[in-house]
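[1] everything below, folded, please.
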Amino acid sequence: MPDLNLANKLRSELDLAGYYPELVAGVIDVALADEAVVSYLVHPETTFDETEVFRHLTALVLTPSRLVVAHVDDGPGPDGRPSALATTESVPLREVRSVTLTHGVSDPARARSMRTQELTVAVSWGTADSLDLKPDHCDDPECEADHGYVGTVTPEGLEVRISAQAEGAGALDGALAFAKALSSATAGRAARA
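    Prediction:
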């Protein structure tokens, strides 16, 4: 039976984020398939370039057996009307390969007053990696030699960064609570596997 209190809190945060809350709640509901919400993290983000504003939202929902990832982006719409692309992925907890938590802390020399100011949650899963290759070159503009290729291998997964300065202390506290719940859930799965 789903925890209605957590599900209601999740919905309230989606409403507060203000980025197509009905759409986001709907795709999450389908992905959850009535499984209980154990913890969640909602991360709206707006980015800019010289001419456009891009909005997107990532929601991570931990259930007893899965990590549900929902990502919603602005998309190209017909006739210039707004459109959105909503994707969910359900990752069994046994498939999570790593949970990496990077804490940005203030005044690290004073341990008693150390306070996390930002948190990056990186989660990788599955067996697929993406490979991004490009031709390598040297600094000599006259050089015509083949220098091979360079690239990066990125494991399948996601990364979310939450900052007290940008999103507020409440959002950071929520991210820390989610990180602790996810770490606990994946550690428990590894021990039982």
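
[2] what kind of secondary structure is the residue of the chain positioned farthest from its centre in?
    No residue in the chain sits farther from the centre than residue 142, which is 43.5 Å out by CA atoms, centre = their mean. When classified by DSSP: H, G, I helix; E, B strand; the rest coil, residue 142 comes out as coil.

[3] give the other helices and strands that the longest strand along the chain contacts.
    When the chain is scanned for its longest strand (criterion: DSSP state E), the result is strand 115-135. Secondary-structure packing of strand 115-135 (3 or more CB pairs under 8 Å, 6 or more residues apart in numbering; DSSP states H and E): strand 83-92, strand 96-106, strand 149-163, helix 164-167, helix 169-192. C-beta here means a position set from N, CA and C on the backbone, and glycine is covered the same way.

[4] listing partners with orientation, what would you give for that strand?
    strand 96-106 (antiparallel), strand 149-163 (antiparallel) (DSSP bridges).

[5] orientation of that strand relative to strand 83-92 in degrees?
    With axes from the mean of the first three to the mean of the last three CA atoms, to 10 degrees applied, the angle from strand 115-135 to strand 83-92 works out at 100 degrees.

[6] please work out the average pLDDT along strand 115-135.
    Averaging pLDDT along strand 115-135 gives 80.

[7] check which residues of that strand are buried.
    Using 16 or more other CB atoms under 10 Å as the test for burial, strand 115-135 gives 116, 118-121, 123-125.

[8] now stretch 4-16
    For stretch 4-16, the neighbour count (16+ other CB under 10 Å) marks 6-7, 10-11, 13-14 as buried.

[9] hmm, who's touching that stretch?
    Residues outside stretch 4-16 that contact it (CB atoms under 8 Å, 6 or more residues apart in numbering): 21, 24-25, 28, 36-40, 42, 59, 61, 174.

[10] give me the buried subset of those residues.
    21, 24-25, 28, 37-40, 42, 59, 61, 174.

[11] residue 15: what secondary structure?
    Secondary structure state of residue 15, per three-state DSSP, is helix.

[12] okay, the helices and strands packed on strand 115-135 in CSV with distance to residue 136 and mean pLDDT next?
    Listed next are these as CSV, based on distance: least, CB to CB, whole Å; pLDDT from 0 to 100:
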stretch, distance to residue 136, mean pLDDT
strand 83-92, 33, 92
strand 96-106, 28, 91
strand 149-163, 4, 80
helix 164-167, 36, 91
helix 169-192, 37, 85
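
[13] as JSON lines, the ones you listed with distance to residue 52 would be great.
    As requested, the helices and strands packed on strand 115-135 are exported to JSON lines (distance: least, CB to CB, whole Å):
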{"stretch": "strand 83-92", "distance to residue 52": "14"}
{"stretch": "strand 96-106", "distance to residue 52": "29"}
{"stretch": "strand 149-163", "distance to residue 52": "22"}
{"stretch": "helix 164-167", "distance to residue 52": "20"}
{"stretch": "helix 169-192", "distance to residue 52": "25"}
